[in-house]
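1. this one's sequence-less:
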């Protein structure tokens, strides 16, 4: 399996939690307290920030590559391995997420979740003419000069029931997002001579999900493990990465 450089679990809420503005400090206290549990390290998060006039909450530990963002509509946990030698461990991420979710939800009391997502970022070397190589390999477009800052993204959707094409505004479905781009344009880890191939699997719930969010995240990673294989088979066939 290819090495995951950054893994993200994201939760999209069905309601806006404006109470976050007044409860952010209490949420931070609960999450930090959870860091003293058996499963989380005491230094899991080392910094707490309240940007946007207190309308969001960021907890980070740059050394360990951990970050958590909570805003009015989203809860996002990241494990970042770009600057580390550690390997991604899905069981560890899920265990951490379960502890953190319980801490957050003990304060926010989330009632409905519209979407659960899991994103994996991968990076591969292409030492020269990265963008030109991606353009010629992935498209039939002809460059008119020097190619730079190549980016490709598309989504595909699959209904979860015996229906036709899903309506993204109301149906229950899976959404698969593929991204391929020059590593030099990465917003957090810009690196020339490399390209990213990222895969994002999302499950939209209709009716909204009301319980066992950690269990839904575990199920989603199982779907990711199945869906990412054809993605890499295509990349290997195109010569973009090795088997």
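-> Received the coordinates, thanks. Source: prediction; values computed, not measured. Residues are numbered from 1 along each chain as shown.

2. residue boundaries of the helices in this structure?
-> Using DSSP state H, the helices of the chain run over 20-34, 51-54, 90-108, 130-138, 213-237.

3. elements contacting the last one?
-> Translated: helix 213-237. Using 3 or more C-beta pairs under 8 Å, 6 or more residues apart in numbering; DSSP states H and E as the contact criterion, the secondary-structure elements in contact with helix 213-237 are helix 90-108, strand 113-121, strand 173-182, strand 194-209. Where you see a C-beta, it was placed from the backbone N, CA and C, and this is true even at glycine.

4. ok so, going back, of all the helices of the chain, which one is nearest residue 163?
-> With distances scored as C-beta to C-beta, the stretch of the helices of the chain nearest to residue 163 is helix 213-237 (17.7 Å).

5. returning to that earlier point: can you add mean neighbour count, distance to residue 45 and mean pLDDT and give the helices and strands packed on helix 213-237 back as CSV?
-> Written out in CSV, the entries for these read as follows (neighbours: other C-beta atoms under 10 Å; distance: least, C-beta to C-beta, whole Å; pLDDT from 0 to 100):
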stretch, mean neighbour count, distance to residue 45, mean pLDDT
helix 90-108, 18, 9, 96
strand 113-121, 21, 20, 98
strand 173-182, 19, 27, 97
strand 194-209, 20, 24, 97
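
6. Next, format these as JSON lines and append distance to residue 138.
-> Output for those, formatted as JSON lines (distance: least, C-beta to C-beta, whole Å):
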{"stretch": "helix 90-108", "distance to residue 138": "28"}
{"stretch": "strand 113-121", "distance to residue 138": "18"}
{"stretch": "strand 173-182", "distance to residue 138": "7"}
{"stretch": "strand 194-209", "distance to residue 138": "10"}
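
7. right, so of those, which gets closest to residue 10?
-> strand 113-121 (4.3 Å).

8. low-confidence ranges in the chain?
-> In the predicted model of the chain, residues 1 satisfy pLDDT under 70.

9. follow-up on the earlier one: okay, the helices of the chain in a markdown table with distance to residue 159 next?
-> A markdown table is the format used below for the helices of the chain (distance: least, C-beta to C-beta, whole Å):
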| stretch | distance to residue 159 |
| --- | --- |
| helix 20-34 | 33 |
| helix 51-54 | 36 |
| helix 90-108 | 26 |
| helix 130-138 | 27 |
| helix 213-237 | 14 |
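
10. Out of these, which is closest to residue 114?
-> helix 213-237 (11.6 Å).

11. which residues sit against the closest one?
-> The list of residues contacting helix 213-237 from outside it, by C-beta atoms under 8 Å, 6 or more residues apart in numbering, reads 2, 9, 11, 90, 94, 97-98, 101-102, 105, 110, 113, 116-118, 120, 174, 176, 178, 197, 199, 201-203, 205, 209, 241-243.

12. got the angle for it vs strand 113-121?
-> In this structure, helix 213-237 runs at an angle of 40 degrees to strand 113-121, with axes from the mean of the first three to the mean of the last three C-alpha atoms, to 10 degrees as the basis.

13. can you give me phi and psi for residue 109?
-> According to degrees, to the nearest 10, the main-chain angles of residue 109 amount to phi 50, psi 60.

14. Neighbours of it, how many?
-> Here the number of neighbours of residue 109 (other C-beta atoms under 10 Å) works out to 10.

15. one step back: right, so of the helices of the chain, which gets closest to residue 190?
-> Residue 190 lies closest, by C-beta to C-beta, to one member of the helices of the chain: helix 130-138, at 12.1 Å.

16. tell me how far the closest one is from the chain's mean position?
-> Using C-alpha atoms, centre = their mean, to the nearest Å, the distance from the centre of helix 130-138 to the centre of the chain it belongs to is 25 Å.
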